[in-house]
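Student: Can you look at this prediction? I've put the sequence above it.
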Amino acid sequence: MGGTCGWDLWNGWDLWNGWGLSPWQFAALAAAALLVGFSKTAVSGANTISLAVFAAVLPARASTGVLLPILIAGDVLAVLTYRRHAHWPTLWRLFPAVAGGVAVGTVFLMWADDAVVRTSIGAILLLMAGVTIARRTSSARADSEAEAPPVSRLKAPSYGVLGGFTTMVANAGGPVMSLYLLSAGFRKLGFLGTSAWFFLIVNTSKVPFSVGLGLIDARSLLLDAALVLFVVPGAILGKYTVNRINQRLFERLVIGATVLGGLQLLLR
């Protein structure tokens, strides 16, 4: 009787998941979904690790469609937590360039295979991390608590296009925009509030493109329905943790997560 019950449960698992996932693979995806929630409310950019996990367990292109609704769930929780700290002038400067980057990324996905996607995004992440580290070591950082320092007019379009491209191609816009906000001098709350609204709007706008490319379908949404439950505890953990991380450690964690995510994509 026990053996029959176990067999029925296993068959039910195979029928449900539709991706041929083992329980261990599902556990890895669940942990990555939890990390999405944590990154949205604590260390933005850390979800590059989630990106790498999803791309390792699922086909790289398909993983972007599964991950997008999970990211949107995290974005909603982040906006609910930090909505009052957003700097809207910065967002309005970014959106036109981001739209162009999303359009380029959509065209790119029409012909690029998994290997090209991984290599391109990994190289961009490492390049942006290198530029940010170089800038921060060559000039002293102002110790101001201002949440909206002045931003170069040229910097916003360049980061915006890169952010739009990387977020469309592999949901990897987080590190690019994190580096932009760090280079602009945002403090923790201004950083998290501006980032939360930015990605809620951008990720939601990507849904029609992802559906059109076949990246989001009934099968991917069924998997999302199970994984999204793990985003909430991750977000709660992040909200608890962020107040215990000082500004310097916060910035190092963001840059470190960016480098790690880029290396994982290049070396996979």
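Tutor: Received, thanks. Worth saying up front: this structure is predicted, and the values here are computed from it rather than measured.
Student: In PDB, list the C-alpha atoms belonging to stretch 29-40.
Tutor: In PDB, the C-alpha atoms belonging to stretch 29-40 read as follows (Å, rounded to 0.1, in the frame of the first residue of the first chain):
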ATOM      1  CA  LEU A  29      14.600  26.800  -8.200                       C
ATOM      2  CA  ALA A  30      12.700  27.400  -5.000                       C
ATOM      3  CA  ALA A  31      15.900  28.700  -3.300                       C
ATOM      4  CA  ALA A  32      16.500  30.900  -6.200                       C
ATOM      5  CA  ALA A  33      13.000  32.300  -6.000                       C
ATOM      6  CA  LEU A  34      13.500  33.000  -2.300                       C
ATOM      7  CA  LEU A  35      16.700  34.900  -3.200                       C
ATOM      8  CA  VAL A  36      14.700  37.000  -5.700                       C
ATOM      9  CA  GLY A  37      12.500  38.200  -2.800                       C
ATOM     10  CA  PHE A  38      15.600  38.900  -0.700                       C
ATOM     11  CA  SER A  39      17.400  40.800  -3.500                       C
ATOM     12  CA  LYS A  40      14.400  43.000  -4.100                       C
END
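Student: Could you give me the buried positions within that stretch?
Tutor: Within stretch 29-40, the residues that count as buried by 16 or more other C-beta atoms under 10 Å are 29-30, 32-40. Using the backbone N, CA and C atoms, a C-beta is placed for each residue, glycine as well.
Student: again, but for stretch 260-268
Tutor: Going by neighbour count (16+ other C-beta under 10 Å), the buried part of stretch 260-268 is 260-265.
Student: what's the closest of those to Leu51?
Tutor: Nearest to Leu51, judged by C-beta to C-beta, of those is Gly261 at 6.2 Å.
Student: Give me the below-cutoff pLDDT ranges for the stretch 51-200 of the chain.
Tutor: 128, 131-132, 134-154 (pLDDT under 70).
Student: can you do 90?
Tutor: Scanning the stretch 51-200 of the chain with the threshold set as pLDDT under 90 gives 51-64, 81, 83-87, 90, 93-94, 105-106, 108-192, 195.
Student: So which residues of it form helices?
Tutor: Secondary structure of the stretch 51-200 of the chain (DSSP state H, counting those that start in this stretch): helices at 60-82, 88-111, 114-138, 155-170, 173-183, 188-212.
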